[in-house]
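Asks: here is my input; please provide its structure:
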Amino acid sequence: MDNLTMQQATTANTYLSTASKKQQGSALLMAIFIMVVLMLLGTALVKVLSTSSEGIAQEVLGTRALMAAKAGAEAELTKLFPLNGAISACNSSTSYDNFSNVSGLNNCRAVTSCNNYANHDAGEGEVNYYRITSTGHCGIGNVDSDGVVLSTRRVQVEARSL
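Replies: Got it, this is the predicted structure:
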């Protein structure tokens, strides 16, 4: 019986030796496959994060451009209706390029236009109707240079004299 057990053990060792020789290198292939999959997942994650940060930057620039447009419209309304009560003339176009002293509006500008689109006699005097359009531009870097990330927003305000 010892002889038979020795023979079975030798046969089993031969089988294991042959099977392990056939499987040599499969661990290497498995490791390379796992590394490639992890690299693809990492690349996809970096792309998603990059796209997300670009979207946030555009959203911030859009908000700043809206604030610049509102500031330009308010400045134009202040010129048109000063506190002393005398209505001034409606300027056709004005550019506000100096927002450097306003926190949050660096590298922003606003271009406004004013249009006296209607007037009529209301019995006690003439009533004028004004349309003020203000376009705010904000960018990263110099707004006037090429290749800059730029966002633009437009605001329109209608007002009338009393």
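
Asks: which residues of the protein score low on pLDDT?
Replies: Residue ranges of the chain with pLDDT under 70: 1-24, 122, 141-148.

Asks: and the helices in it?
Replies: Counting by DSSP state H, the chain has helices at residues 2-22, 26-80.

Asks: next one: the last one to chain centre, how far?
Replies: Spelled out, that is helix 26-80. Put simply, helix 26-80 sits 7 Å off its chain's centre (C-alpha atoms, centre = their mean, to the nearest Å).

Asks: related to what we said a few turns ago, now mean neighbour count too, for the helices of the chain, in JSON lines please.
Replies: Just so you know, the C-beta spots here come from the backbone N, C-alpha and C atoms, and that holds for glycine as well. Shown next, in JSON lines, are the helices of the chain (neighbours: other C-beta atoms under 10 Å):
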{"stretch": "helix 2-22", "mean neighbour count": "9"}
{"stretch": "helix 26-80", "mean neighbour count": "14"}
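
Asks: now these as a markdown table including distance to Glu158?
Replies: Shown next, in a markdown table, are the helices of the chain (distance: least, C-beta to C-beta, whole Å):
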| stretch | distance to Glu158 |
| --- | --- |
| helix 2-22 | 84 |
| helix 26-80 | 11 |
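
Asks: which of those sits closest to Gly139?
Replies: Closest approach to Gly139 among the helices of the chain is made by helix 26-80 (6.9 Å; C-beta to C-beta).
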